[in-house]
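Novice: just the structure for this:
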Amino acid sequence: QVQLVESGGGLVKAGGSLTLSCAASGNLDYYVVGWLRQAAKNERTVVAAITWSEGRTYVADSVKGRFTISRNYAEKTVYLQMYNVIPEDTDVYYCATKPRGAAEYTRWGQGTQVTVSS
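Specialist: Below is the predicted model of the structure:
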């Protein structure tokens, strides 16, 4: 059973950088690992995702050019690198997994808060 633990959130000034980490346990073959964010009562939206086996990536248009996603296959960790952050990036960020082809993410980490000050 997949378990996910996020780390790396915190307070950062606008224009700065931050890297979030998602340490996973369990078998991730044929899974997609995504980073999603949620502000208050809003829906969680996908920021970036990566297929575990092939390393194919997706980055949402809203953060393209500023965020990247990568994985360390041996350490079973997925990273979200955030550059040139803006106050609108303030959210709780979640790491989650879903089987490839599935519509919904099914396993979630506990979330990590990112706050960008202006």
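Novice: what's near enough to touch the closest residue to T112 other than its chain neighbours?
Specialist: Counting by CB to CB, 6 or more residues apart in numbering, the nearest residue to T112 once its immediate chain neighbours are dropped is G9, at 3.3 Å. (C-beta placed from N, C-alpha, C; glycine too.) By CB atoms under 8 Å, 6 or more residues apart in numbering, the residues touching G9 are L18, L20, Y93, T112, Q113, V114.
Novice: next step: the residues you listed restricted to strands.
Specialist: Counting by DSSP state E, the part of the contacts of G9 found in strands is L18, L20, Y93, T112, Q113, V114.
Novice: ok, so of the residues you listed, who is nearest Y73?
Specialist: L20 (17.8 Å; CB to CB).
Novice: any idea of the pLDDT on that closest one?
Specialist: For L20, the pLDDT comes out at 98.
Novice: and the most centrally placed residue in the chain, how far from Y105?
Specialist: Residue closest to the average C-alpha location in the chain (CA atoms, centre = their mean): W35, at 2.3 Å. To Y105, W35 is 10 Å away according to CB to CB, to the nearest Å.
Novice: please identify the residue most distant from the middle of the protein.
Specialist: Relative to the C-alpha centroid of the chain, counting by CA atoms, centre = their mean, S118 is the outermost residue, at 22.4 Å.
Novice: and the strands in the protein, which stretches?
Specialist: Under DSSP E, the chain gives strands at 3-7, 10-13, 18-25, 31-38, 45-51, 57-59, 67-72, 77-82, 91-99, 107-108, 112-117.
Novice: tell me the span between the first and last residue of stretch 34-45.
Specialist: Its start and end residues considered, stretch 34-45 measures 10 Å (CA to CA, to the nearest Å).
Novice: tell me how far that stretch lies from the chain's centre.
Specialist: 10 Å (CA atoms, centre = their mean, to the nearest Å).
Novice: tell me the buried residues in it?
Specialist: G34, W35, L36, R37, R44 (16 or more other CB atoms under 10 Å).
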